[in-house]
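A.B. asks: below is the sequence, then the predicted model.
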Amino acid sequence: MKISNVNKTFGDKHVLHDISLDFPAAKTTVIVGPSGSGKSTILRSLNLLEVPESGRYGFDDLQLDFAKKITNKQKLALRKKTGMVFQDYNLFPNKTVLGNIIEGPTQVLKQSKAAATKTANELLAKVGLAQYGDSYPNQLSGGQAQRVAIARALAMNPEYILLDEPTSALDPELELEVLKVLLQLAREKQSMVIVTHNMIFARHVADKIIFLENGHVLFDGAPEQFFAPDNPNERIKSFIASMTMENLD
Ligand code: ADP
Ligand code: MG
């Protein structure tokens, strides 16, 4: 999956400046950067929740030119390949956990209810929530709800999972439950793009790190280089130091 020369504006605000990025398959790409740098806009563009004004988007044999009108058929094809997980889970409150997970597979993929339920139960076991199929979202902790959201994304069998600050709303212990699930998925070579502020996690999970500031890519490379104490980029060094509270006194 890759984008090239992407530009996006909101009103007169230019938020993505000629962005070109590769998101390798079977790898975890982590996007970091200060608030407002354009991280969510990139992730949302990959799922076509936002459509940039110009640039190209290539996904396997699917090629989109953002300057041209994107057809519904193209949109659907791309959304099948990408599953989105949001910071605030976005579960349907009036459906059980199982109901949430089988909704897409039965409605969109036209799977039988029995087949979708079987897969959903396997996915719930995988995220450590085998006993929770009949619970409702308001009976879950935030960490459990986010793991359900991850299972729901996986149930659609997308090629990539896109996660936008998946643990920003969680207490540290609940965050850890979710990060462990994502680390496991990374080990299984699930293709992922993750936006996070958690530098310890980023360092652990990333095959590749992208650092954004003001809609520009300041770094695109290996985590070892990004986190290296002798990283020559002072801005990146000071960002990492503030995120990890290295220089508290
Ligand atoms: P990040 O996820 O890195 O915090 P975003 O991609 O959400 O950054 O936002 C990038 C910039 O675009 C910010 O200045 C934000 O205010 C602006 N922005 C994002 N979405 C919208 C929108 N729907 N309308 C207007 N401005 C937006
Ligand atoms: Mg964001």
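C.D. replies: Perfect, I can see it now. Ligands and ions are numbered 1, 2, ... in the order given.
A.B. asks: burial count for residue 103?
C.D. replies: For residue 103, the neighbour count with other Cβ atoms under 10 Å is 17. Every residue, glycine included, has its C-beta placed from N, CA and C.
A.B. asks: that one and residue 97 touch, don't they?
C.D. replies: No: checked against Cβ atoms under 8 Å, the pair residue 103 and residue 97 is beyond contact range at 11.1 Å.
A.B. asks: pull up the overlap in contacts between the two.
C.D. replies: Shared contacts of residue 103 and residue 97, defined by Cβ atoms under 8 Å, 6 or more residues apart in numbering, are absent.
A.B. asks: just give the number of residues close to whatever residue of the chain ends up closest to ligand 2.
C.D. replies: Closest to ligand 2 within the chain is residue 40: 3.2 Å, counting by Cβ to the ion. Residue 40: 19 surrounding residues under other Cβ under 10 Å.
A.B. asks: was I right about it contacting residue 195?
C.D. replies: Yes: if you go by Cβ under 8 Å, residue 40 and residue 195 touch, sitting 6.7 Å apart.
A.B. asks: ok, what's across the strand from the spatially most central residue of the chain?
C.D. replies: Closest residue to the average C-alpha location of the chain: residue 163 at 1.9 Å, with Cα atoms, centre = their mean. On the basis of DSSP bridges, residue 163 is bridged to residue 85, residue 194.
A.B. asks: so which bits of the protein are right by ligand 2?
C.D. replies: Residues of the chain lying close to ligand 2 (Cβ under 5 Å from the ion) are 39, 40.
A.B. asks: domains for the chain, by residue range?
C.D. replies: Per automatic domain parsing, the domain ranges recorded for the chain read 11-50+72-81+160-249, 93-157.
A.B. asks: quick one: the strands in this structure, in order.
C.D. replies: With DSSP state E as the criterion, the chain has strands at 2-10, 13-22, 28-32, 54-59, 62-65, 82-85, 160-164, 191-195, 208-213, 216-221.
A.B. asks: most tightly packed of those?
C.D. replies: Highest mean neighbour count among the strands of the chain (mean count of other Cβ atoms under 10 Å): strand 28-32, with a mean of 25.
A.B. asks: residues contacting residue 235?
C.D. replies: By Cβ under 8 Å, 6+ apart, residue 235 lies in contact with 213, 218.
A.B. asks: only the buried residues of the longest helix belonging to the chain, if you could.
C.D. replies: As assigned by DSSP state H, the longest helix anywhere in the chain is helix 172-187. Of all the residues in helix 172-187, those buried under the rule 16 or more other Cβ atoms under 10 Å are 174, 175, 177, 178, 179, 181, 182, 185, 186.
A.B. asks: and if you look at stretch 147-160?
C.D. replies: Of the residues in stretch 147-160, 147, 148, 149, 150, 151, 152, 153, 154, 155, 156, 158, 160 count as buried by neighbour count, 16+ other Cβ under 10 Å.
A.B. asks: closest to residue 58 out of those?
C.D. replies: Closest to residue 58 out of the buried residues of stretch 147-160 is residue 160 (13.0 Å), distances taken as Cβ to Cβ.
A.B. asks: distance-wise, check that closest one relative to residue 234.
C.D. replies: Look at residue 160 and residue 234: by Cβ to Cβ, to the nearest Å, they are 33 Å apart.
A.B. asks: now tabulate the domains of the chain in JSON lines and tack on mean pLDDT.
C.D. replies: What follows is these, written out as JSON lines (pLDDT from 0 to 100):
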{"stretch": "domain 11-50+72-81+160-249", "mean pLDDT": "95"}
{"stretch": "domain 93-157", "mean pLDDT": "97"}
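A.B. asks: closest to ligand 1 out of those?
C.D. replies: Closest to ligand 1 of the domains of the chain, according to Cβ to the nearest ligand atom: domain 11-50+72-81+160-249, at 3.2 Å.
A.B. asks: near ligand 1, anything from the closest one?
C.D. replies: Yes: looking at domain 11-50+72-81+160-249 against ligand 1 by Cβ under 6 Å from any ligand atom, the contacts come from 15, 33, 35, 36, 37, 38, 39, 40, 41.
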